[in-house]
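**Q** need a 3D model of the sequence below.
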Amino acid sequence: MYHNLSIKLDLEFKQRCEVFISLLGQWGRVHNLSGRLDRASIEENIIDSIYPLKYIDEFKSFLDVGTGAGYPGMILAMARSDIKGFLVEPRAKRVAFLNFVKSSLGLNNLVILQQRIEDVILDHPIELITSRAVTNTKLLLDITSHLRDKNTKYLFYKGSNIYEELEQITLEEKEIFKKDDRQYLYIRKIGDI
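**A** Below you'll find the model as predicted:
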């Protein structure tokens, strides 16, 4: 499943994926965590979560806005278990699941916050802020402005509406790369919004 991606992934990542698939299958049905819970769909979401790693710069910390069932934040934390990650999710059921996965996989690099992103306070800026299917690009940039500095980069997992969203803002340095119907917006430098 992962060998055709040209991304360096260790054996431990693959083992963690097996545990994640099993746990999401069990918890997902009981707690309605995700729409599609069959193995193929979960694997597709795992690939979607890590696919941008082949294009983006290295990072030492990341924060995922609205992690939900773990995409992309939990998967990124599994793939880069040496990097500090913050998963922000306001819903208690999903936070309970994320904490269970974190504990089951021994992901000591993760902090899971049951908060709205606007209420998150950290004592340092984040190097990479990610989000998948939360809200439009301009609003995501606005509600995370207190967590960034001039070096913070963004990675947003978007659909075809990305081009309409980009008409509303001007970004200094961005790239869009695609896989199937997914558009990945990678913002290296924001500029004036």
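**Q** for this structure, what spans make up the strands?
**A** Along the chain, the stretches classed as strands by DSSP state E are 61-65, 84-88, 110-113, 128-132, 153-158, 173-179, 182-189.
**Q** list the contacts of the third one.
**A** By C-beta atoms under 8 Å, 6 or more residues apart in numbering, the surrounding residues in contact with strand 110-113 are 67, 74, 77, 84-89, 95, 98-99, 102, 120. For glycine as for every other residue, the C-beta is placed from the backbone atoms N, C-alpha and C.
**Q** which among those residues count as buried?
**A** Buried subset of the contacts of strand 110-113 (neighbour count, 16 or more other C-beta atoms under 10 Å): 67, 74, 77, 84-89, 95, 98, 102, 120.
**Q** correct me, but residue 27 touches residue 33?
**A** Yes: counting by C-beta atoms under 8 Å, residue 27 touches residue 33, with 5.9 Å between them.
**Q** what is in contact with those two at once?
**A** Taking C-beta under 8 Å, 6+ apart as the contact rule, residue 27 and residue 33 both touch residue 97.
**Q** follow-up on the earlier one: what's the farthest-apart pair in the buried ones among the contacts of strand 110-113?
**A** Using C-beta to C-beta, those reach their maximum pairwise distance at 84 and 95, which is 18.3 Å.
**Q** which one's the longest helix in this protein?
**A** Residue-count comparison of every helix in the chain, with assignments taken from DSSP state H, identifies helix 11-31 as the longest.
**Q** hmm, residue 129 is touching residue 59, no?
**A** No: look at residue 129 against residue 59 with C-beta under 8 Å: they stay out of range, at 9.9 Å.
**Q** neighbour count winner among the two?
**A** residue 129 (26 against 21; other C-beta atoms under 10 Å).
**Q** ok, the more buried one - contacts?
**A** Remark: with contacts taken as C-beta under 8 Å, 6+ apart, residue 129 is in contact with 62, 63, 64, 65, 140, 144, 147, 148, 152, 153, 154, 155.
**Q** kindly report the same for residue 126.
**A** The neighbourhood of residue 126, defined by C-beta under 8 Å, 6+ apart, consists of 61, 62, 63, 86, 147, 148, 152.
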